[in-house]
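Participant: here is a sequence with its predicted model. Questions after.
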Amino acid sequence: MPRRYHLARLVITVCTMASAQVLAAEHRVTPGTPLQPVVEAAAPGDIIRLAPGRHAGPVVIDRTLSLIGEPGAVLAGPGAGSVITITAPDVRVHELEVTGSGVDLAAMDSAILVQESAPRADVRKNHLVDNLFGVYLHGAGGSIVQGNVITGRRDLRMAEAGNGVSIWNAPGAEVIGNTVSHGRDGIYVRVSRQNTFEDNTFSDLRFAIHYMYTHDSRIVGNRSRGNHVGWAIMFSERLEIRGNVSVNDRDHGLMLNATNGSQVIGNTVLGGGEKCVFVYNANANRIVENWFEGCPIGIHFTAGSEGNTMAGNAFVANRMQVKYVGTRYLDWASEGRGNYWSDNPAYDLDGDGIADRPYRPNDVMDEILWTLPQAKVLTSSPAVQMVRWAQARFPALYPGGVVDSAPLMRPPRMPGDVSR
């Protein structure tokens with residue numbers, strides 16, 4: 001088409017947007033005034049402001065407008081359904097306290113439910129308290145959930161509770177700078193792509209972030225404390241998992257289950273109740289420059305995980321640094337650089353920062369104890385000591401398993417800020 005045609009279309013679009021802004025009206029709603037009629041009377045682009053006080057929900061926003069709360073404004077649902085349901089694109093919901101959703105999981109009862117017909121929603125600086133779900137992006141691609149405080153229900157069992165933020169098939173959605181506590185998962189995402197979860201804080205949940213069938217996405221700079229699992233990443237590919245911190249999560253700090261082709265860089269796990277990291281059937285990942293400290297098991301690596309790069313990580317003061325059962329040999333060093341092991345009694349005669357001997361975290365007795373837990377009663381017996389003595393002097397007796405051919409003499413700097 002001629003260039004002047006495209007220029008004319010651009011001019012018309014800009015003029016239309018400018019006209020809409022000029023014609024946009026503001027509606028201030030005081031407590032006791034029904035909200036739904038105000039929405040239905042508003043024109044696209046209008047702003048509805050809720051005055052301080054308690055306003056009655058629910059409300060359905062079926063046109064492009066802004067719903068903004070003044071300090072002290074509360075929108076309360078009746079305890080059934082969603083408090084705010086958005087069905088139009090480009091809606092903004094800012095600076096409200098929202099409470100009083102229902103408890104129907106199948107119906108997705110939420111403080112703010114954003115439907116598939118409502119892309120590019122902007123949910124920002126709200127306090128969402130005592131709802132089943134906080135924000136549910138159900139197909140609403142390109143939406144942003146930022147700077148909210150989301151506190152879930154405490155009167156439900158964890159299996160009956162909803163998530164702080166739920167995402168289904170919402171490409172390009174971003175969840176940034178939120179604080180989420182109580183409920184089931186902090187963020188649960190399923191069947192999506194190109195999502196960004198950044199700088200969020202999670203506590204008192206099952207999983208801080210739960211990924212299912214979500215590809216080409218980023219999990220960056222988040223903090224998990226006191227949850228069952230920090231980052232549960234499942235059946236997903238080509239992720240960037242960088243700079244996250246897990247402190248005192250009950251089961252695992254990081255779990256990679258069927259996660260492939262991803263970058264796991266600069267994360268910190270401290271004091272996990274069971275395992276710092278659990279890698280299960282995860283392939284071709286780059287797991288580098290992470291810090292794993294103070295767990296009963298530093299890393300549990302199993303189920304045929306292959307082609308992973310493990311280098312520059314610090315395994316510090318874990319009761320068992322590595323749990324790996326298998327006959328295949330895995331060298332956890334890349335380009336002449338391995339990992340730091342706090343229990344490695346190594347020496348470095350040439351001063352190059354690399355230990356002069358490979359490090360093997362496990363021996364044949366470890367494998368026996370994992371497969372036959374009853375054998376733990378024999379760990380201090382002369383027979384077990386003899387097996388370990390013989391294996392130390394005859395390396396051919398070692399089973400297949402993990403070896404670090406270039407262990408580091410000094411740990412890298414802890415990458416994450418654990419103070420927050």
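Facilitator: Thanks, I have the structure now.
Participant: and the helix or strand where I187 lies, what does it pack onto?
Facilitator: Using DSSP states H and E, I187 sits in strand 185-193. Under the contact criterion of 3 or more CB pairs under 8 Å, 6 or more residues apart in numbering; DSSP states H and E, strand 185-193 touches strand 165-168, strand 207-215. From N, CA and C alone the C-beta is placed, and that goes for glycine too.
Participant: residues in contact with that strand?
Facilitator: Residues from elsewhere that reach strand 185-193 (CB atoms under 8 Å, 6 or more residues apart in numbering): 163-171, 173, 175, 180, 195, 197, 200, 202, 205-217, 224, 227.
Participant: list buried residues within those.
Facilitator: Buried subset of the contacts of strand 185-193 (neighbour count, 16 or more other CB atoms under 10 Å): 163-171, 173, 175, 180, 195, 197, 200, 202, 205-212, 214-215, 217, 224, 227.
Participant: what about the strand holding I187, average pLDDT?
Facilitator: Strand 185-193 shows a mean pLDDT of 98.
Participant: how far out from the middle of the chain is stretch 146-165?
Facilitator: Distance, stretch centre to chain centre, for stretch 146-165: 15 Å (CA atoms, centre = their mean, to the nearest Å).
Participant: got the end-to-end distance for that stretch?
Facilitator: 11 Å (CA to CA, to the nearest Å).
Participant: stretch 337-345 too?
Facilitator: Across stretch 337-345, first to last residue, CA to CA, it's 18 Å.
Participant: now swap in stretch 282-293 and tell me
Facilitator: OK, stretch 282-293 end separation, CA to CA: 22 Å.
Participant: in that stretch, what's buried?
Facilitator: 282-283, 285-293.
Participant: over to stretch 56-76?
Facilitator: In stretch 56-76, counting by 16+ other CB under 10 Å, buried: 56-69, 73-76.
Participant: phi and psi next, for A159.
Facilitator: Dihedral angles of A159 (phi, psi; degrees, to the nearest 10) stand at phi -70, psi -20.
Participant: correction: the previous question concerned P37.
Facilitator: Main-chain torsions, P37, degrees, to the nearest 10: phi -60, psi -30.
Participant: of the buried residues of stretch 56-76, which belong to strands?
Facilitator: Using DSSP state E, the subset of the buried residues of stretch 56-76 located in strands is 56, 59-61, 66-69, 73-76.
Participant: separation between the residue nearest the centre of the chain and V83?
Facilitator: In the chain, the centroid-proximal residue (CA atoms, centre = their mean) is I209; its distance is 2.9 Å. For I209, the distance to V83 (CB to CB, to the nearest Å) stands at 24 Å.
Participant: okay, how far is it across stretch 45-52, tip to tip?
Facilitator: One end of stretch 45-52 sits 22 Å from the other (CA to CA).
Participant: for it, buried residues please.
Facilitator: Within stretch 45-52, the residues scored as buried using 16+ other CB under 10 Å are 45-50.
Participant: stretch 271-285 now?
Facilitator: Buried residues in stretch 271-285, counted by 16+ other CB under 10 Å: 271-272, 274-280, 282-283, 285.
Participant: tell me how far it lies from the chain's centre.
Facilitator: With CA atoms, centre = their mean, you get 14 Å for stretch 271-285.
Participant: taking the mean pLDDT, what do you get for it?
Facilitator: For stretch 271-285, the per-residue pLDDT averages 93.
Participant: again with stretch 110-118
Facilitator: Average pLDDT, stretch 110-118: 98.
Participant: next, the buried residues of it.
Facilitator: Across stretch 110-118, burial judged by 16+ other CB under 10 Å covers 110-115, 118.
Participant: contacts for it?
Facilitator: 82-89, 91, 93, 98-99, 101, 121, 123, 126, 128, 131-140, 143, 150, 162, 166, 169.
Participant: 7 Å - rerun?
Facilitator: Defining contact as CB atoms under 7 Å, 6 or more residues apart in numbering, one finds that stretch 110-118 is touched by 82-89, 91, 93, 98, 101, 121, 123, 128, 131-140, 143.
Participant: now, those that are in strands?
Facilitator: Those of those lying in strands (DSSP E): 84-86, 93, 98, 123, 128, 131, 133-138.
Participant: quick check: the two most widely separated of those residues?
Facilitator: By the measure CB to CB, V98 and H138 form the most distant pair in the ones in strands among the contacts of stretch 110-118, at 16.9 Å.
Participant: what's the local residue count around P296?
Facilitator: Counted with other CB atoms under 10 Å, residues neighbouring P296 total 14.
Participant: and the residue nearest to it when sequence neighbours are not counted, how many neighbours?
Facilitator: Using CB to CB, 6 or more residues apart in numbering and skipping the chain neighbours, the partner closest in space to P296 is R319 (4.8 Å). R319 has 10 neighbours, counted by other CB under 10 Å.
Participant: could you do S236 as well?
Facilitator: Summarising burial for S236: neighbours were counted as other CB under 10 Å, giving 26.
Participant: show the pLDDT at it.
Facilitator: 97.
Participant: and it, how far from I84?
Facilitator: 30 Å.
Participant: which residues does A24 contact?
Facilitator: The contact partners of A24, by CB under 7 Å, 6+ apart, come to 45-47.
Participant: one more pass at 10 Å, please.
Facilitator: By CB atoms under 10 Å, 6 or more residues apart in numbering, A24 lies in contact with 42-47, 65-66.
Participant: nearest to R242, of these?
Facilitator: Nearest to R242, judged by CB to CB, of those is S66 at 33.6 Å.
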